[in-house]
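K.L.:
A structural model of the following input is requested.
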Amino acid sequence: IVREFSNEEIVEVYDCRIALESTAVGLFTKRATNNDLQKLASFFSGFELGKEIDEKEYQIKDSQFHNFIIKNCGNRFLYNLFNKGNLLVCIDLIGLVRPAHETLPEHLGIISAIKNRNVNLAMDLITDHLNKSKNLLI
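P.N.:
Here you go, the predicted model:
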């Protein structure tokens with residue numbers, strides 16, 4: 001059985017996600033090791049702008065990317081809140097809201113801001129990234 005969400009519930013999930021994930025990105029940007037940064041970049045290394053992208057494969061990498069940041073932000077309580085709210089499960093059930101060719105540049109921008117240790121930019125970019133998806137659902 002696959003749970004279906006109302007548009008109102010999806011917007012609420014995104015609101016929670018934006019609040020928690022933007023905080024996680026800020027923390028991750030400050031604390032990430034060089035290995036963390038390499039792993040983060042590896043999620044999208046097989047995808048190229050302007051080339052055909054396998055949406056199913058991209059969705060898996062997208063989910064892994066966001067989960068990696070949250071899991072490795074250095075705040076176990078934040079990660080537990082995400083898990084207790086089943087936000088990652090909800091997000092995976094909702095699936096990709098926007099196509100890969102639209103979100104890939106956004107992911108690459110987030111990665112660049114994190115690598116440059118630009119906390120404010122990384123937080124702004126993840127917030128904008130998630131808001132664009134949320135706004136399509138409103």
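
K.L.:
for the chain, what's the longest helix?
P.N.:
If each helix of the chain is counted by residues according to DSSP state H, the longest one is helix 7-31.

K.L.:
list the helices and strands it packs on?
P.N.:
Packed against helix 7-31, as judged by 3 or more CB pairs under 8 Å, 6 or more residues apart in numbering; DSSP states H and E, are the following elements: helix 55-71, helix 76-84, helix 87-94, helix 100-115, helix 119-137. Yep, even glycine has a C-beta here, placed from its N, CA and C like the rest.

K.L.:
and that helix, what's buried?
P.N.:
Within helix 7-31, the residues that qualify as buried are 10, 13-14, 17-18, 20-29, counting by 16 or more other CB atoms under 10 Å.

K.L.:
coming back round to it: mean pLDDT added to the helices and strands packed on helix 7-31, as JSON lines?
P.N.:
As requested, the helices and strands packed on helix 7-31 are exported to JSON lines (pLDDT from 0 to 100):
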{"stretch": "helix 55-71", "mean pLDDT": "92"}
{"stretch": "helix 76-84", "mean pLDDT": "88"}
{"stretch": "helix 87-94", "mean pLDDT": "60"}
{"stretch": "helix 100-115", "mean pLDDT": "95"}
{"stretch": "helix 119-137", "mean pLDDT": "92"}
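
K.L.:
can I get these in JSON lines with mean neighbour count and distance to residue 49?
P.N.:
Supplementary listing: the helices and strands packed on helix 7-31 in JSON lines, determined by neighbours: other CB atoms under 10 Å; distance: least, CB to CB, whole Å:
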{"stretch": "helix 55-71", "mean neighbour count": "18", "distance to residue 49": "12"}
{"stretch": "helix 76-84", "mean neighbour count": "13", "distance to residue 49": "29"}
{"stretch": "helix 87-94", "mean neighbour count": "17", "distance to residue 49": "24"}
{"stretch": "helix 100-115", "mean neighbour count": "18", "distance to residue 49": "6"}
{"stretch": "helix 119-137", "mean neighbour count": "17", "distance to residue 49": "16"}
